[in-house]
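Participant: return a 3D structure for these sequence lines:
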Amino acid sequence: MRWYYMMRSVGAIAVCIGLTMLFPLIFSVYYSDGSAWPLIKSMTIALGAGLTIFLIFRRFKQPYMSHRNAIAIVTIGWIAATLIGALPFFLSGTFGTFTDCIFESISGFSTTGASVLTNIESVPKGILMWRSLTHWLGGMGIIVLSLAILPFLGLGGMQLYKAEAPGPTPDKLTPRIRDTASALWRIYLGFTLAMIIMLICGGMDVFDSICHTFGTLATGGFSTKNLSIAHYNSAYIDAVITIFMLLAGVNFSLHYQMLSGKSSFALRDPELRFFLSISAVLIIVTTVVLYQTTYPSLSQAF
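Facilitator: Numbering: from 1, shown residues only. Purely as a prediction, here's the structure:
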């Protein structure tokens, strides 16, 4: 096991995560909600620790990365992400114990969507944005993000990509793995911007639109409201979130193929066919059950 190269990569990943805290910091300052200092402290710790680890091990290089090393980097990288992600929760006093902070961070990055918060609307907006951002980052993958923006991780990048990317056969879509990671993130960003705009058109404010978009595209469901989407009582918002949740559930390699003019190839994919088929069947079954037991009209049940 090449521990020195693994630590070098994990240090770089920690720097990436630390830099992403700038985004919720902007909202914290704008709303003056008291979460700016916890975010600044968390970012300082993440950047300091990441840079220190990276600089200590920066001179160590290896010509080839084994699958075993890639698995180790992804595993420890995600553990590091979880610990760093818990810092804003802990330093802001959002949760009673550090265990709860770790739980929320794991739930965010893993896009599980479980939460120990009981009164979401009382949490500072900067912390809520960070909570939603962990979702969004985990939705595509922090390793894939690192490959996209850190060229020095290109060595052995394909092994890292295979170790993290979802699906049974992660594809190298372009000759360079960094270009593949960048292409996937561009599609992810495109969906993100489109959904934010559509939610704003449906009456959501900018902050809530961003947070709900992050939760939707991660297919996890973190919300800024205690009642979640039911708070808005809007068929339009329900429809937008449902459609984008389905789109986000599709392997993003297939989105790339379709946007590249290879729709027939993507539509023949057995994973996509099974996903859409089982979704359609369950939507029909659930609609029928709700119509018979709860709602007076078929459209409401649907």
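
Participant: for the rest of this, base every contact and every neighbour count on C-alpha atoms.
Facilitator: Fine.

Participant: pLDDT weak spots in this structure?
Facilitator: Low-confidence segments of the chain (pLDDT under 70): 1-2, 60-66, 142-178.

Participant: which residues in the stretch 101-250 of the chain form helices?
Facilitator: Using DSSP state H, counting those that start in this stretch, the helices assigned to the stretch 101-250 of the chain run over residues 125-140, 142-149, 157-164, 177-201, 206-217, 235-249.

Participant: and among these, the most buried is which?
Facilitator: Highest mean neighbour count among the helices of the stretch 101-250 of the chain (mean count of other C-alpha atoms under 10 Å): helix 125-140, with a mean of 27.

Participant: same for it, what does it pack against?
Facilitator: Counting contacts by 3 or more C-alpha pairs under 8 Å, 6 or more residues apart in numbering; DSSP states H and E, helix 125-140 packs against helix 22-31, helix 67-91, helix 98-109, helix 206-217.

Participant: repeat the analysis, applying 7 Å as the threshold.
Facilitator: helix 22-31, helix 98-109, helix 206-217 (3 or more C-alpha pairs under 7 Å, 6 or more residues apart in numbering; DSSP states H and E).

Participant: okay, the angle between the shortest one and helix 125-140?
Facilitator: Right, helix 22-31. Interaxial angle, helix 22-31 versus helix 125-140 (axes from the mean of the first three to the mean of the last three C-alpha atoms, to 10 degrees): 160 degrees.

Participant: now swap in the second one and tell me
Facilitator: Following the same axes, to 10 degrees, one obtains 50 degrees for the angle between helix 98-109 and helix 125-140.

Participant: and helix 98-109, what's buried?
Facilitator: Neighbour counts over helix 98-109 (16 or more other C-alpha atoms under 10 Å) mark Phe98, Asp100, Cys101, Ile102, Phe103, Glu104, Ser105, Ile106, Ser107, Gly108, Phe109 as buried.

Participant: mind putting these in TSV, distance to Arg273 included?
Facilitator: Output for the buried residues of helix 98-109, formatted as TSV (distance: C-alpha to C-alpha, whole Å):
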residue	distance to Arg273
Phe98	42
Asp100	38
Cys101	38
Ile102	36
Phe103	34
Glu104	33
Ser105	33
Ile106	30
Ser107	28
Gly108	28
Phe109	27
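
Participant: wait, which of those residues is closest to Ala12?
Facilitator: Taking C-alpha to C-alpha as the measure, Phe109 is the one of those closest to Ala12, at 17.3 Å.

Participant: go ahead and confirm that closest one touches Arg131.
Facilitator: No: the pair Phe109 / Arg131 is not scored as a contact, 9.0 Å apart, by C-alpha atoms under 7 Å.

Participant: return the alpha-carbon coordinates of stretch 240-253 using CSV.
Facilitator: Extracted C-alpha coordinates of stretch 240-253, given in CSV (Å, rounded to 0.1, in the frame of the first residue of the first chain):
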residue,chain,number,x,y,z
VAL,A,240,-40.2,20.0,-11.3
ILE,A,241,-38.7,18.1,-8.4
THR,A,242,-40.1,14.8,-9.5
ILE,A,243,-38.8,15.2,-13.1
PHE,A,244,-35.3,16.3,-12.0
MET,A,245,-35.2,13.5,-9.4
LEU,A,246,-35.7,11.0,-12.2
LEU,A,247,-33.1,12.7,-14.4
ALA,A,248,-30.6,12.6,-11.5
GLY,A,249,-31.3,9.0,-10.9
VAL,A,250,-30.0,8.1,-14.4
ASN,A,251,-26.3,7.4,-14.8
PHE,A,252,-24.7,10.6,-15.8
SER,A,253,-22.5,8.8,-18.4
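
Participant: can you report how many residues lie near Asn226?
Facilitator: Neighbours of Asn226 under the rule other C-alpha atoms under 10 Å: 14.

Participant: using TSV, lay out the helices and strands packed on helix 125-140 together with distance to Ala81.
Facilitator: Shown next, in TSV, are those (distance: least, C-alpha to C-alpha, whole Å):
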stretch	distance to Ala81
helix 22-31	16
helix 98-109	8
helix 206-217	17
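
Participant: out of those, nearest to Leu51?
Facilitator: The minimum distance between Leu51 and the helices and strands packed on helix 125-140 falls on helix 22-31, with 16.7 Å, by C-alpha to C-alpha.

Participant: identify the residues contacting that closest one?
Facilitator: For helix 22-31, contacts defined as C-alpha atoms under 7 Å, 6 or more residues apart in numbering pick out Ser35, Ala36, Leu39, Lys125, Gly126, Met129, Trp130.

Participant: tell me the spacing between the nearest residue to Ser110 once chain neighbours are set aside and Met245.
Facilitator: Spatial nearest neighbour of Ser110, chain neighbours left out: Gly138 (5.7 Å); criterion: C-alpha to C-alpha, 6 or more residues apart in numbering. Distance, Gly138 to Met245, by C-alpha to C-alpha, to the nearest Å: 15 Å.
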